[in-house]
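A.B. asks: model the structure of this input:
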Amino acid sequence: KRPLAPCHEAVARKLLKQGKAAIYRRFPFTIILKKSVDESEIKATYRLKIDYGSRHTGLAILRGQEVVWLGQLDHRTDIKERLDKRRAFRRARRKRKTRYRKPRFLNRRRKDGWLPPSLESRVQNIQTWVERLRKICPIEHISYENAKFDTQLMRNPEINGVEYQQGTLQGYEVREYLLEKFGRKCCYCGKEGVPLEIEHIIPKSRGGTDRVDNLCLACHDCNQRKGSKTAEEFGYLHIQEMVKKTLKDASVVNATRWKVYEVLKQSGCEVECGTGARTKMNRIRLGLPKIHYFDACCVGESTTNHLYFKTKEALFIKAKGRGSRSRTNLDKYGFPRGFLARQKYFFCFQTGDIVKANVPKGKYQGVWFGEVACRKTGSFDIKGKDGKRIAQGINYRYVQVIQRFDGYTYRREGMNIA
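C.D. replies: Residues are numbered from 1 along each chain as shown. Modelled structure (predicted):
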């Protein structure tokens, strides 16, 4: 169980067929030799390259000019929404005649370097996969794109000097600014001379912010009819187009980039930092398309003049979390619509395990591969790559585990360099 040099897929197939090796892990596909070998034979050094992004992170393992493995890590984007729902339910319980939970305010302290759970998840995903890849490949060097985004320059390319300190509302209050911007009339029906309310073009419940370019003026009637719709859904596309592109992803990277760097330093590898401009220059020079795992190949000064791809596919890794303590499913109003069992394993299977089902008879006769969805009755469902059920009501006796659920889902796709 010590990492050796990666081999070609044809060599792996030959070792497995001759019985000299066994499958150690399916994703990423790893074999384990059945006899010990001299580790001093490994002369080449491997480098892990990381193109860190808010939603997707590109991963690549290189040996000099050879690219031996590619991957894309998709981060979770539902954590903030789940925390907001949990907070709403908790506050609602306090107002009902149920067990009283005293609100906590000043009795909690945050540790130094604390990050919100939605940001901490991204850092931990990278830490997890650096450790996993180092266990199956002798990685000694890491190249990391430590990019910094100028959010004001992204909104106004001509900003300069003292304008950085002034901002959009220099010399205005928010309401006065909006009244002058929209001509003191409702943005939707055009009424004038009526009380106007400040309204979010993209509602806060749909991920909108309090930024001034997401605000407009609306009369009370239009504000009530619009509800939780966006301006586009309400039938006013020209109002929706006034909202500038969100800077949330850039802010996430700015807030976590040094935390990720500290995690990489703790791995014990030599860490090289690169800029986004260098990555783009290397990618254009090598003629590679704008894809996250190709960006990862181009990170840092260590990028060579030529790259030779020894792999034909990339592994897409999606973070799913490891379940929830909640044992009750709720509808959109917060009322229970179903209860979950107080156990995770059923007949030695857990929902999310990658399995092979060999069904001898019936509607779903044949061999099925995918993720399993467990039931207490022992009648399982099999999900395909797109998350849809491809086989239902399969008895657990016909199911065999290929890989246990580890908080991530996987799918392989072929590369398209052209």
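A.B. asks: switch to C-alpha atoms for all contacts and neighbour counts from now on
C.D. replies: Fine.
A.B. asks: output the lowest mean pLDDT helix or strand found in this structure.
C.D. replies: Ranked by mean pLDDT, DSSP states H and E, the helix or strand of the chain with the weakest confidence is helix 163-166, at a mean of 63.
A.B. asks: got the contact list for the helix or strand following it?
C.D. replies: Using DSSP states H and E, the helix or strand that follows helix 163-166 in sequence is helix 174-181. Residues outside helix 174-181 that contact it (Cα atoms under 8 Å, 6 or more residues apart in numbering) are Leu169, Arg184, Lys185, Ile198, Val212, Leu215, Cys216, Leu217.
A.B. asks: low pLDDT regions in the stretch 251-400 of the chain?
C.D. replies: By pLDDT under 70, the stretch 251-400 of the chain has no low-scoring segment.
A.B. asks: and the nearest residue to Gly338 once chain neighbours are set aside, how many neighbours does it have?
C.D. replies: Spatial nearest neighbour of Gly338, excluding adjacent residues (Cα to Cα, 6 or more residues apart in numbering): Asn329 at 5.1 Å. The number of residues packed near Asn329 is 12, by other Cα atoms under 10 Å.
A.B. asks: same question, Arg397
C.D. replies: 13.
A.B. asks: on the three-state scheme, it is what?
C.D. replies: helix (DSSP: H, G, I helix; E, B strand; the rest coil).
A.B. asks: confidence score at Gly167?
C.D. replies: The per-residue pLDDT reported for Gly167 equals 64.
A.B. asks: and what of the one 10 residues further on?
C.D. replies: Confidence per residue is given as pLDDT, and for Tyr177 that number is 83.
A.B. asks: and for the one 10 residues further on?
C.D. replies: pLDDT, Cys187: 90.
A.B. asks: and the gap between it and Phe346?
C.D. replies: Between Cys187 and Phe346 the distance is 56 Å, computed by Cα to Cα, to the nearest Å.
A.B. asks: hang on, isn't Lys356 packed against Phe369?
C.D. replies: Yes. Counting by Cα atoms under 8 Å, Lys356 does reach Phe369; the two are 4.7 Å apart.
A.B. asks: break down the stretch 101-250 of the chain into its helices, ranges please.
C.D. replies: Counting by DSSP state H, counting those that start in this stretch, the stretch 101-250 of the chain has these helices, from start to end: 117-136, 151-155, 163-166, 174-181, 220-226, 237-240, 248-266.
A.B. asks: would you reformat those helices as a markdown table and include mean neighbour count?
C.D. replies: Supplementary listing: those in a markdown table, determined by neighbours: other Cα atoms under 10 Å:
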| stretch | mean neighbour count |
| --- | --- |
| helix 117-136 | 17 |
| helix 151-155 | 14 |
| helix 163-166 | 10 |
| helix 174-181 | 14 |
| helix 220-226 | 14 |
| helix 237-240 | 14 |
| helix 248-266 | 16 |
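A.B. asks: could I get the phi/psi values of the residue nearest the centre of the chain?
C.D. replies: Geometric centre of the chain, nearest residue: His75, 1.2 Å, by Cα atoms, centre = their mean. Taking degrees, to the nearest 10, you get phi -80, psi 160 for the backbone angles of His75.
A.B. asks: cool, Ile382 as well?
C.D. replies: Dihedral angles for Ile382 - degrees, to the nearest 10 - are phi -110, psi 130.
A.B. asks: pretty sure it contacts Tyr398?
C.D. replies: No. Ile382 lies out of contact with Tyr398 (Cα under 8 Å); the separation is 11.6 Å.
A.B. asks: more neighbours, those two?
C.D. replies: Legend: neighbour count by other Cα under 10 Å for Ile382 and Tyr398, higher for Ile382 (27 against 13).
A.B. asks: the more buried one pairs with what?
C.D. replies: Val372, Ala391 (DSSP bridges).
A.B. asks: from Leu33, how far off is it?
C.D. replies: For Ile382, the distance to Leu33 - Cα to Cα - is 31 Å.
A.B. asks: same thing with Asn358?
C.D. replies: Distance from Asn358 to Leu33, by Cα to Cα: 28 Å.
A.B. asks: now swap in Ser302 and tell me
C.D. replies: Ser302 is 32 Å from Leu33, by Cα to Cα.
A.B. asks: for Leu48, list each beta-bridge partner.
C.D. replies: Ile61, Ile142.
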